[in-house]
Each structure stands twice: as structure tokens, then as C-alpha cells.
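Colleague: sequence and predicted structure, then a few things I'm wondering about:
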Amino acid sequence: MDEQIKHFIKTLFKNIESSVNDPSNLSHKIIFTVLIIVVSIWLHLIIQRFLKTYASDLKIYRFLRRSIKNIIIVGAIILLSATWINAMNSLMVIVLLFAALVIFSVKKLAVELVAWVLLLNKRLFRLYDRVEIDGHIGDVIKISPLHFKLAERAAGLSTESPTGKVINIPNHILLEKTLTNYANLTQINWHEVDYHLTVDSDWQTAKRICDKVLADYVEEFKGGYSPKELSEIKAEISLFDGSLEAKTKLLVEDNMIVISCYFPAYYTDGSTVKSDLNEKILPYLTRDNNIELIGEKLRLDIVEWPKEK
């Protein structure tokens, strides 16, 4: 057994030494390795952009993207292995054995690392994406093998303003909780503002006011993008059977009329756009005598004034 181990180690260093001592051979391998990596990344980006532009179904898009990505990775690994196998086969065996020992001896650490690898491989989120997980919303400011950090937003607030807090979340949470990424496939999110009217209000006029303000907003929103950017955004949201247009819906709930306004906005601007729309729509609604806004009111009945001592 000792002889086998000695022979194994001797063969390992001999293979590595032969590659290092042959500058021509080593330089060719390095150049070929860099070329394989660059071509693989370029091919993945080109195919991903092509799928975003021409895919018409979200399930087909995700299946093709995942399948093609795996094919490219497997192909790159095969080519890299064929390039380095003569010099690095023994070293890879030792690395894999050592990694197995670490996994079995440090279970908690292994779970964190598995989640980290999943994060990198599946691209669950990237730096500065806005995500929501385990009741926390924030912008990702750091990703590490053991945890990721969020600059917290919107916790207990009615807007998406930053709270000034930084949250450390262990990576294993990714395996246990549902993750929402507001900027993964598309950075355009849909938001909603509601206006509650009495049942005898002139809801037709109120709806026309909302439609007009929303139409003006959408035109201004589209004006902030070039034709090429708009085409890419429309291709992305078409995967959800969506369109880059605002909508108003009329609902009747609990003896009141509700006009719900749906509109697209960049994922970081939702609260700001809501405030702007309210500032434009509410003056029209309050000035019209045939439109009466209602909402929840707090009524306090004082039965008896407290006696002075």
C-alpha cells in the first residue's frame, strides 16, 4: 500500500513538472484554455440574447436557456479536460478527495457552499439586484461563499426607501425559502394604485381621468429608452404575455367602486411613480363634485370626559 501511494505521488509531480518544464507546451495549453472560456461565454451571451428576442413562451425559453447553458458547460469541461488531463489528472483526484472529506466533516459549511454554488450556477441574483427572501427586501451588496448581504428596503415602510440597515443572510436560506428577484428576467415591474369611490360617483369620468394620466405617463416612460432598448424590453415582457401599456380596471367591493391603475416602471422607481401619479390624478378627482373619494376612517366616541383631580 505504501509503495502504491509513493508511486501515485511520484507520478503526480512528474506529470506536473513535465508540463511546467516545457514552455511551449504549457503556453499552448494556457492560450487554448483562455480561448475555450472566452468562446463559451460569448456563445452563451449570444444565444441568450437570441432567445430573449425570439422566444414566445416562458417555459420554452427557460428550458432552452438551461439546456443550452448546460451543453456549453459540458463541452467546455470536455475540451479543458482534454487539454490538461495529462498534467492534472492526479491533482484533480486529490482535490476531489479532499473536498469530499471537507463535506463530510463540516456539514453546515458544506450546505452553505452548496447554496453558493447554486447561486452562481443558476444566477439567482447578481450584485445590486433587488430581491425579497424570508420577509426581507433589499439590494444585494455582497455575495460570499457563506452568506450574502442586503441593503434593506421597505421593511415596515409604505415606500421602497432604504432603512440604513444591512442584513446578513446565510446562503442555506436559498435552499429553504422562496426568493423573489425584481430584476432577473426583466427590470420592468408592474405596480398598482387604487382609488375608492362611492357607488353613486361618476365613475366614468374618474376612469377617463385615470386613463388620460396613465397614457401620458407611459409615453413619457417609453421616451426614456432608445428604440433598440424598447424592442428588447418588449421581447422580455412578451414572455409573460404582457405589454408595455398601462391599464385601468373597474371593480366593485364592499359597497364601493374601485378603480385600479396598473402601470410599468423600472423596478427601483415603483414608489416614486405611484406618488407622481397620485399628485396628478387626485386633484382632478377632488375637484369634480360628482366624484366622491372614500376610505377607511377612524371614529372615536368619548362617553365621558375624564374628571380633573
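Modeller: Everything's here; your move. These figures come from a predicted structure and were not determined experimentally.

Colleague: what ranges does this protein have for its strands?
Modeller: 130-133, 136-143, 147-153, 162-170, 179-181, 188-198, 247-253, 256-266 (DSSP state E).

Colleague: return the most buried member of the ones you listed.
Modeller: strand 130-133 (a mean of 21; mean count of other Cβ atoms under 10 Å). Just so you know, the C-beta spots here come from the backbone N, C-alpha and C atoms, and that holds for glycine as well.

Colleague: just checking, what packs against that strand?
Modeller: Contacts defined by 3 or more Cβ pairs under 8 Å, 6 or more residues apart in numbering; DSSP states H and E place strand 130-133 against strand 136-143, strand 179-181.

Colleague: other residues contacting the shortest one?
Modeller: The one in question is strand 179-181. For strand 179-181, the external contacting residues (Cβ atoms under 8 Å, 6 or more residues apart in numbering) are L124, F125, D129, R130, V131, E132, I133.

Colleague: how about the helices of the stretch 1-150 of the chain, start to end?
Modeller: 2-21, 23-54, 58-105, 107-122 (DSSP state H, counting those that start in this stretch).

Colleague: could you pull up phi and psi at P145?
Modeller: Phi and psi for P145, reported as degrees, to the nearest 10, are phi -60, psi -20.

Colleague: now it: closest residue in space that isn't a chain neighbour?
Modeller: Closest residue to P145 apart from its sequence neighbours, by Cβ to Cβ, 6 or more residues apart in numbering: W116 at 4.7 Å.

Colleague: was I right to think I291 contacts L197?
Modeller: Yes. Using Cβ atoms under 8 Å, I291 is in contact with L197, at 6.3 Å.

Colleague: who touches both of the two?
Modeller: The contact lists of I291 and L197 share W203, A206, where a contact means Cβ under 8 Å, 6+ apart.

Colleague: on that earlier part again, turn the strands of the chain into TSV, columns for distance to K207 and mean pLDDT.
Modeller: Shown next, in TSV, are the strands of the chain (distance: least, Cβ to Cβ, whole Å; pLDDT from 0 to 100):
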stretch	distance to K207	mean pLDDT
strand 130-133	32	87
strand 136-143	32	87
strand 147-153	32	87
strand 162-170	35	85
strand 179-181	31	84
strand 188-198	9	88
strand 247-253	6	88
strand 256-266	6	90
